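Chemist: I'd like to go over a predicted model; first the sequence, then the structure.
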Amino acid sequence: MHKKIKNSAILMLGLIALNFLNQSFYQRFDLTADRRYTLSEMTNTIISKVDKNLFITVYLEGDFPSEFKRLQAETQQYLQELAAKNSKIKVNFENPDTQREALIKKGMLPSQLTVEEDGKLSEAIIFPWAEIRYGKKTETVSLLPSSIVASQEEQLKKAIENLEYSFSNAIHSSTQKQRKKIAILTGNGELTDIYQYSFLSEIAKKIQIGKIHLRFCSS
């Protein structure tokens, strides 16, 4: 009887010690072949500057095509890596079905997908977006690339490859206390604004843009 009590006590102490060591030396390991869950040095630098709660809401919940479940799983796994590095990063997945109009008003437009099931084609609507809130700042993250791709499968592949860039870029913008400023020279035969719209819109998300006409620069 005493021997059983002694063995139980030793086992209990061993479990307590193991739990202590596990919490003291906890580390996540990326065992994927392409190391896609290993954060880059730039991303680590960006998230290290998050010094108060940063909320990430992802609208990839609900009933959508099975192939896009992979995008959901990859996004969730990647964001878990961010949250593991900085506990102030809070992640939540929400179903967009009850808030479609509100999301569209924020500029988060839905994507219409073609789905093949049992040899039949059908259409599905998803909201491949995430929203980042940091203090009073809000940034949106598109989870599907806007570039022209050969197939839906290629689009999904690019979306997964772009996860780190998309979120790191948005978090960096959110944590910037003051945006940098640049001036664009005009009046030298450059492309008109309509042809530069996409480029300038993307730059304007991170940098404050102003225009200076060359006639004001001449002496």
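Modeler: Looks like it arrived, so ask away.

Chemist: when you work out contacts or count neighbours from here on, use the C-alpha atoms and nothing else.
Modeler: Will do.

Chemist: can you map out the helices along this protein?
Modeler: Shown for the chain, the helices assigned by DSSP state H span residues 2-24, 41-48, 69-85, 100-105, 152-161, 163-175, 193-204.

Chemist: which one of those has the lowest average pLDDT?
Modeler: Per-segment confidence across the helices of the chain bottoms out at helix 2-24, which has a mean of 53 in mean pLDDT.

Chemist: how many neighbours does Lys90 have?
Modeler: Residue crowding around Lys90 was assessed by other C-alpha atoms under 10 Å; the count is 17.

Chemist: would you check that it makes contact with Lys52?
Modeler: No - with contact defined as C-alpha atoms under 8 Å, Lys90 does not reach Lys52; the gap is 10.4 Å.

Chemist: what confidence value was assigned to Arg35?
Modeler: According to the model's per-residue confidence, Arg35 sits at a pLDDT of 51.

Chemist: just Asn162 next, same as before
Modeler: 90.

Chemist: now do the contacts for it.
Modeler: Asn162 makes contact with 143, 145, according to C-alpha atoms under 8 Å, 6 or more residues apart in numbering.

Chemist: what do you get for Ile89?
Modeler: Listed by C-alpha under 8 Å, 6+ apart, the contact partners of Ile89 are 50, 53-56, 82-83.

Chemist: what does Pro128 give?
Modeler: Residues in contact with Pro128 (C-alpha under 8 Å, 6+ apart) are 59-60, 110-111, 142-144.

Chemist: ditto for Thr140
Modeler: With contacts taken as C-alpha under 8 Å, 6+ apart, Thr140 has the following neighbours: 108, 129-132, 170.

Chemist: those: which two are farthest apart?
Modeler: Using C-alpha to C-alpha, the contacts of Thr140 span at most 14.6 Å, a distance reached by Met108 and Ala170.

Chemist: can you give me the pLDDT of the nearest residue to Glu123 once chain neighbours are set aside?
Modeler: Once flanking residues are discounted, Glu123 sits nearest to Thr114: 4.8 Å by C-alpha to C-alpha, 6 or more residues apart in numbering. On the pLDDT scale, Thr114 is placed at 71.

Chemist: so Thr114 is in contact with Ile125, correct?
Modeler: No - look at Thr114 against Ile125 with C-alpha under 8 Å: they stay out of range, at 9.1 Å.

Chemist: with neighbour numbers in mind, choose between the two.
Modeler: Between Thr114 and Ile125, Ile125 has the larger neighbour count (other C-alpha under 10 Å), namely 14 against 11.

Chemist: any idea how far the closest residue to that one other than its chain neighbours is from Ile126?
Modeler: Distances taken as C-alpha to C-alpha, 6+ apart put Gln112 closest to Ile125, at 4.7 Å, once the chain neighbours are dropped. Distance from Gln112 to Ile126, counting by C-alpha to C-alpha, to the nearest Å: 7 Å.

Chemist: compare these two (neighbour count), which wins?
Modeler: Between Gln112 and Ile126, counted using other C-alpha under 10 Å, Ile126 has the larger neighbour count: 21 against 11.
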